[in-house]
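> all I have is the shape, not the residue letters:
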Ligand SMILES: Nc1ncnc2c1ncn2[C@@H]1O[C@H](COP(=O)(O)OP(=O)(O)OP(=O)(O)O)[C@@H](O)[C@H]1O
């Protein structure tokens, strides 16, 4: 029997839905050792949108993977909706992720052998709950009502991004984590993705976006800067410095 608690504490407005405490991630590849995260602590509240920015190699994707339970931190803990997701067997992390978290990974959200519709249905089934939004409505929201039966390889880049977003939202997540969600998109698709992420936050989701995009930073309530695996030590000129609240995080 699984040890994952099923009775999840209901969040209240302003509550921290996603918290990370003192995250460390150590990689060893042959002789080379990298400390990608060096004691990252952060929290994202219900209804809040947080952008994580930082130079290439600063640990942003590693952080997102640890927050999503796709990767295990070497030290520290991640809690989602009151439940610890870190330091559990992979199957339990996957189960918690399917239930509570939407993950938007660049061009990696779709299983290639399933149609767009079936990718959405699979995510809804894996959540273990009745779908709050029918798949047809989700496809309508992302502007793909006519592509339900297409396979991912039959879609354009922008359509893949839209379909991936529908899959990330399929389980009506409490936490939405997006890694460079607007990376190579045209302006229209970028706006659609950002608007939908913002709308999810308005629906009380905790949204965290790893990004290099000034547009994505613009829609965030708060910006966290990662530098060399630590939070809050620098700012960048191309983002809105007035929105950086480095006091919110501990590095
Ligand atoms: N699987 C891995 N094995 C070894 N080192 C890794 C691994 N994944 C990431 N790293 C290293 O960890 C550090 C952080 O990488 P990460 O991909 O998290 O950075 P990032 O900020 O997302 O970069 P970018 O903006 O270029 O995507 C880098 O030094 C990287 O080389």
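That came through, no problem. Here the structure is a predicted model, which is why all the values come from computation and not from measurement.
> top helix in this structure by residue count?
helix 187-202 (DSSP state H).
> pull the residues that contact stretch 72-87.
4-5, 8-9, 11, 17-26, 37, 39-41, 66-67, 69, 93, 96-97, 100-101, 174-175 (C-beta atoms under 8 Å, 6 or more residues apart in numbering). No exception for glycine: its C-beta is placed from N, CA and C like everyone else's.
> oh, I was asking about stretch 43-52
11-20, 42, 60, 63-64, 174-175, 197-198, 201-202, 204-211, 216-217, 219-226, 239, 248.
> and that stretch, end to end?
12 Å (C-alpha to C-alpha, to the nearest Å).
> close to the ligand, is it?
No. Under the criterion of C-beta under 6 Å from any ligand atom, the ligand is not reached by stretch 43-52; the shortest gap measures 8.8 Å.
> still on that earlier bit, what does the longest helix of the chain contact?
So helix 187-202 is in contact with 47-49, 102, 141-143, 158, 161-162, 165, 169, 173, 176, 178, 181-182, 185, 207, 209, 213, 215-216, 219, 221, going by C-beta under 8 Å, 6+ apart.
> give the rounded mean pLDDT of stretch 229-241.
Mean pLDDT, stretch 229-241: 55.
> start the count at 16, not 1, going forward
With the count now opening at 16, the last piece we talked about shows up as stretch 244-256.
> so which bits of the chain are right by the ligand?
So far as C-beta under 6 Å from any ligand atom goes, the chain lies against the ligand at 42, 44, 49, 51, 69, 71, 72, 73, 74, 75, 76, 77.
> in the sheet, who's paired with the residue nearest to the spatial centre of the chain?
Centroid check for the chain by C-alpha atoms, centre = their mean gives residue 192 as the closest residue, at 0.8 Å. Counting by DSSP bridges, residue 192 is bridged to residue 118, residue 223.
> isn't it right next to residue 116, touching?
Yes. Contact criterion C-beta atoms under 8 Å: residue 192 and residue 116 qualify, at 6.4 Å.
> can you give me the pLDDT of residue 218?
With respect to pLDDT, residue 218 has a value of 86.
> follow-up on the earlier one: mark which of the contacts of stretch 87-102 are buried, thanks.
Among the contacts of stretch 87-102, those buried by neighbour count (16 or more other C-beta atoms under 10 Å) are 19, 26, 32-36, 38-40, 52, 54-56, 81-82, 84, 108, 111-112, 115-116, 189-190.
> how much space separates residue 58 from residue 120?
22 Å (C-beta to C-beta, to the nearest Å).
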